[in-house]
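*Asks:* Take this sequence and fold it.
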Amino acid sequence: MKKIIVSPSILSADFKHLLDDVKRVERGGAQWLHFDVMDGHFVPNISFGFPVLHSLINEHANYNMVNDVHIMIENPLLWCERFLKAGADYLTFHYEACKKEEIEKIIDIIHSYNKRVGISIKPKTDVKVLLPYLDRIDLVLIMSVEPGFGGQAFMENSLDKIAFLRKYIDEHNLSTLIEVDGGIDDKTGQLCVKCGADVLVAGSYIFNHDNVEERIKILKELK
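*Replies:* Sure, this is the predicted structure:
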């Protein structure tokens with residue numbers, strides 16, 4: 001049986017001791033590391049950008065986790081190469097931030113760097129808009145909160161989207177991963193896994209606990 005991939009979100013880390021927190025979750029068994037990039041326009045908050053990403057990944061790259069970068073920004077076509085050069089392994093952009101004709105261009109650019117492509121949707125967006133792209137992308141990120149702030153409550157209508165995607169992906173023999181971000185803990189994570197999620201993004205549930213190894217282990221062993 002596969003183990004769930006856990007991607008701790010550094011948005012909930014202690015930025016005074018960011019590298020220490022990154023090493024904590026690596027020692028705790030996290031396979032991925034999640035970067036929430038916000039521009040203050042596409043979402044009503046600003047987090048961090050290229051300097052933090054580049055510094056952590058390239059100057060202090062003594063960790064062995066996949067760099068899972070989620071850009072909640074306007075005009076991802078303009079900026080996607082900068083994030084790839086900064087060290088993203090998976091680069092996930094928002095469907096709602098693009099013109100439809102730009103989506104294929106972004107997919108092509110990311111793949112030209114031999115990196116993995118993700119597309120994310122907000123809670124109010126119909127999951128069926130992603131169907132034309134599932135055979136060309138590597139990951140779908142379902143937002144189970146409104147993007148912009150950490151610590152929000154999980155929105156259960158996301159479960160129907162996860163279940164729909166799981167059925168479609170399996171029926172069409174696709175390898176696209178289903179990632180879920182927002183309000184994830186042991187209880188909501190289990191609901192997501194039962195519906196077919198592959199990757200769980202968790203912030204405060206992991207970083208706001210003394211024993212991060214225990215929290216990561218709980219999420220990885222959900223079934």
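
*Asks:* rest of the way, CA atoms for contacts and neighbours
*Replies:* Fine.

*Asks:* Run through the neighbouring helices and strands of the lowest-mean-pLDDT helix or strand in the chain.
*Replies:* Across the helices and strands of the chain, mean pLDDT, DSSP states H and E gives its lowest value to helix 50-54, namely a mean of 80. With contacts taken as 3 or more C-alpha pairs under 8 Å, 6 or more residues apart in numbering; DSSP states H and E, helix 50-54 sits against helix 76-86.

*Asks:* In the helix it packs on, which residues are buried?
*Replies:* 76-77, 80-81, 83-84, 86 (16 or more other C-alpha atoms under 10 Å).

*Asks:* Check the average confidence over the helix or strand that it is followed by, would you?
*Replies:* Where DSSP states H and E defines the elements, the next helix or strand beyond helix 76-86 is strand 90-94. In this model, strand 90-94 has a mean pLDDT of 98.

*Asks:* Would you mind extracting the C-alpha trace of strand 90-94 into PDB?
*Replies:* Below are the C-alpha coordinates for strand 90-94, written out as PDB (Å, rounded to 0.1, in the frame of the first residue of the first chain):
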ATOM      1  CA  TYR A  90       7.000  21.000  -8.900                       C
ATOM      2  CA  LEU A  91       5.600  24.300  -9.900                       C
ATOM      3  CA  THR A  92       1.900  24.700  -9.400                       C
ATOM      4  CA  PHE A  93       0.000  27.700 -10.800                       C
ATOM      5  CA  HIS A  94      -3.600  28.700 -10.600                       C
END
